[in-house]
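Engineer: What would the 3D arrangement of this be:
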Amino acid sequence: MRFSVYQISRKGGRELNEDRMGYCYTRDSGLFALADGMGGHPEGEVAAQLALQTLASTFQREAKPQLKNPSKFLQDAILSGHHQLLRYATEKGLVDTPRTTVVACVIQGKSAYWAHCGDSRLYLVRGGQLHARTRDHSYAELQQTLAQVVPMEANFNRSVLFTCLGSPGKPVVDTAGPTVLRPGDRLVLCSDGLWSVVPDDEIVDTLTQRPLSDAVPELVEQALRNGGSHADNVTVLVVEWEAAEDTDSTQGISTRTLGEDVFASTIQASVGEGLLADLDEAEIERSIREINEAIQRSARKPT
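Structural biologist: This is a model prediction of the structure:
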């Protein structure tokens, strides 16, 4: 596999950054994921981190070096993250369970598979057009989808979700794929801190007209500007599939020379006591910077 990736997360106007993102890969399979801890419930940052940890650990266990069934993996791993949150709340004696949205994508062979729960989104941008987008698990989006079939007079707040990880009932997890990728396709994973204030057409235009290293920071800064002093956490992870061979990509990763047992991950392996509560924006930015620098060093090595 050969892909480029760029990721950024900003706290915005909130006290904490409750978003988490990351990716991991073997020689023949890659997992990219983002979670947005939900406000109004305890320890949203822990919920997001646990969801990603569960995805990454399950991927490491099952991708040897390929997943047997990527769609089933996504469904099962996301639901496993839900059960981890319920277990965490029980062990901590919490009155309410930490909750999070999640969106995840597996690239394997030349195909992409994705799944989501909540309103963190995936966009597939191809040839300057929006080729595919996940549909939020919100009452507002459901109302829009069903409007011509079952008229609904009530107006719903777009942020009110009918499912998430950590909820009392079994989460709704929608999956899609396989979608065969073309060279230059860009897959965008983002929290609602981006799409709620930056229209879809602007997201597509920015990604089409700029290299990843310019497009992703610009999207995040645009979201922060549009959100103003009350801007939400903004997190964006973009993957470009099989960039042209002559493209000077500073974020390029090739897995072709990896051994079958090699597993690489940017997702934190464990949650120590009090660790996430003390994770501030500077530490998050430093971690992301170190990841991107490692990617740049990898890109300069012959493959």
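Engineer: Which residue ranges of the stretch 101-250 of the chain form strands?
Structural biologist: Secondary structure of the stretch 101-250 of the chain (DSSP state E, counting those that start in this stretch): strands at 111-117, 121-126, 129-133, 174-180, 186-190, 234-241.
Engineer: and the first one, which residues are buried?
Structural biologist: Going by neighbour count (16 or more other CB atoms under 10 Å), the buried part of strand 111-117 is 112-117. For every residue, glycine as well, the C-beta is placed using N, CA and C.
Engineer: which one of the residues you listed sits closest to K68?
Structural biologist: Taking CB to CB as the measure, K68 lies nearest Y113 of these, at 12.4 Å.
Engineer: The residue lying closest to that closest one once chain neighbours are set aside: what's it in contact with?
Structural biologist: Closest residue in space to Y113, ignoring its immediate chain neighbours: G177 at 3.3 Å, by CB to CB, 6 or more residues apart in numbering. For G177, the set of contacting residues under the criterion of CB atoms under 8 Å, 6 or more residues apart in numbering consists of 70-71, 106, 111-114.
Engineer: and if we set it to 10 Å?
Structural biologist: Contact criterion CB atoms under 10 Å, 6 or more residues apart in numbering gives 70-71, 74, 105-108, 111-115, 132 as the residues in contact with G177.
Engineer: go on, A77?
Structural biologist: By CB under 10 Å, 6+ apart, the contact set of A77 is 31, 33, 51, 54-59, 61-62, 67, 102, 104, 106, 115, 173.
Engineer: repeat for R186
Structural biologist: With contact taken as CB under 10 Å, 6+ apart, R186 is in contact with 4, 123-126, 131, 204, 207-208, 212, 215, 238-241, 243.
Engineer: Narrow these to those that are buried.
Structural biologist: 4, 123-126, 204, 207-208, 212, 215, 238-241, 243.
Engineer: returning to that earlier point: wait, which of the buried residues of strand 111-117 is closest to L94?
Structural biologist: Nearest to L94 among the buried residues of strand 111-117: C117, at 20.2 Å, using CB to CB.
Engineer: For beta bridges, what are the partners of the closest one?
Structural biologist: The partner list for C117 in beta bridges (DSSP bridges) reads V102.
Engineer: ok, it - contacts?
Structural biologist: With CB under 10 Å, 6+ apart as the criterion, the residues that contact C117 are 35, 51, 78-79, 81-82, 100-104, 134, 137, 161, 163-165, 167, 171-174.
Engineer: List the contacts of the most centrally placed residue in the chain.
Structural biologist: Within the chain, one residue has its C-alpha closest to the average C-alpha position: by CA atoms, centre = their mean, that is L34, at 2.4 Å. Going by CB under 10 Å, 6+ apart, L34 touches 7, 9, 19-23, 48, 51-52, 101-105, 116, 120-122, 188-191, 235-237.
Engineer: Spatially nearest residue to T175, not counting backbone neighbours?
Structural biologist: Closest residue in space to T175, ignoring its immediate chain neighbours: A115 at 4.3 Å, by CB to CB, 6+ apart.
Engineer: my guess is the one you found contacts P70, does it?
Structural biologist: Yes: using CB atoms under 10 Å as the test, A115 is close enough to P70 to be in contact (9.4 Å).
Engineer: Can you list the buried residues in the biggest helix by length in the chain?
Structural biologist: Ranked by residue count under DSSP state H, the longest helix found in the chain is helix 70-92. Of the residues in helix 70-92, 70-71, 73-74, 77-79, 81-82, 84-85, 88-89 count as buried by neighbour count, 16+ other CB under 10 Å.
Engineer: Repeat that for stretch 95-106.
Structural biologist: Neighbour-count burial for stretch 95-106, with 16+ other CB under 10 Å as criterion, is recorded at 97-106.
Engineer: how far does it stretch from start to finish?
Structural biologist: 34 Å (CA to CA, to the nearest Å).
Engineer: Enumerate the beta-bridge partners assigned to the closest residue in space to R133 that isn't next to it in sequence.
Structural biologist: Nearest non-adjacent residue to R133, counting by CB to CB, 6+ apart: Y123, 5.1 Å away. Note on Y123: beta-bridge partners R133, V188, judged by DSSP bridges.
Engineer: wait, what's in contact with Y123?
Structural biologist: 130-134, 186-190, 194-195, 200, 203-204, 207, 238.
Engineer: Can you tell me which of those residues are classed as buried?
Structural biologist: When neighbours are counted using 16+ other CB under 10 Å, the contacts of Y123 contain these buried positions: 130, 133-134, 186-190, 194-195, 203-204, 207, 238.
Engineer: the helices in the stretch 201-303 of the chain, which residues?
Structural biologist: For the stretch 201-303 of the chain, helices defined by DSSP state H, counting those that start in this stretch occupy the ranges 212-227, 281-300.
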